[in-house]
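Asker: coords please:
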Amino acid sequence: MVDPRRAVCPGSYDPPTIGHLDVIRRTAALFDEVYVAILVNPRKQGLFTVDERVEMLEEITADVPGARVEAFSGLVVDYCTERGASALVKGLRSATDYDYELPMAHMNRHLTGVETLFLPGAPGQVYVSSSLVKEVAKGGGDVTAFLPPTVHDRLRKRLAEQG
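Answerer: Prediction:
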């Protein structure tokens, strides 16, 4: 049964950034329950394992009322249906994100009736992406401002392990 007070914030979260956390917090302010859904894609090798991403997101959302972190595989709309979520919430950084996300939103609504809500990225964070953060960190740049402290510590350790 669909619950209008329940939403899903899907993503790969490799690693979770302050932009991700901002979208999760803003979603929690609008809905009673927020499933932070980490997509398991067996064709992609992330920097962090899915279990590590679950741990990081549980740590950084521990103070977010109603937040639940889970991994899933398959279609996000099926995950929404299984959880009874009425909406998917996605953060948008640019028109490019919108152009990419809009057709999926239409398809998801057609398939299951799940609505997609777009939240604009917070000022000062719209250029932050997990991919860019990893690239800059691998090159020795300071990405402290873009990550929650515990995530930043894990990123530094992982990159040091890789040498």
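Asker: In stretch 90-104, which residues are buried?
Answerer: Taking 16 or more other C-beta atoms under 10 Å as the basis for neighbour counts, the residues of stretch 90-104 that come out buried are Lys90, Gly91, Leu92, Arg93, Asp97, Glu101. The C-beta positions use only the backbone N, C-alpha and C, and glycine is treated the same way.
Asker: Ok, stretch 52-59 next?
Answerer: By neighbour count, with 16+ other C-beta under 10 Å as the criterion, the buried positions of stretch 52-59 are Arg53, Val54, Met56, Leu57.
Asker: which residues touch that stretch?
Answerer: By C-beta atoms under 8 Å, 6 or more residues apart in numbering, the surrounding residues in contact with stretch 52-59 are 12-16, 36, 38, 46, 48, 69-71, 148, 150-151, 154.
Asker: run the last query once more with 7 Å
Answerer: By C-beta atoms under 7 Å, 6 or more residues apart in numbering, the surrounding residues in contact with stretch 52-59 are Tyr13, Asp14, Pro15, Pro16, Val36, Ile38, Val69, Ala71, Thr150, Val151, Arg154.
Asker: For this structure, which helix extends over the most residues?
Answerer: For the chain, the helix that runs over the most residues, judged by DSSP state H, is helix 95-112.
Asker: Which elements pack onto that helix?
Answerer: For helix 95-112, the elements it packs on are helix 76-83, strand 85-92, strand 115-120, judged by 3 or more C-beta pairs under 7 Å, 6 or more residues apart in numbering; DSSP states H and E.
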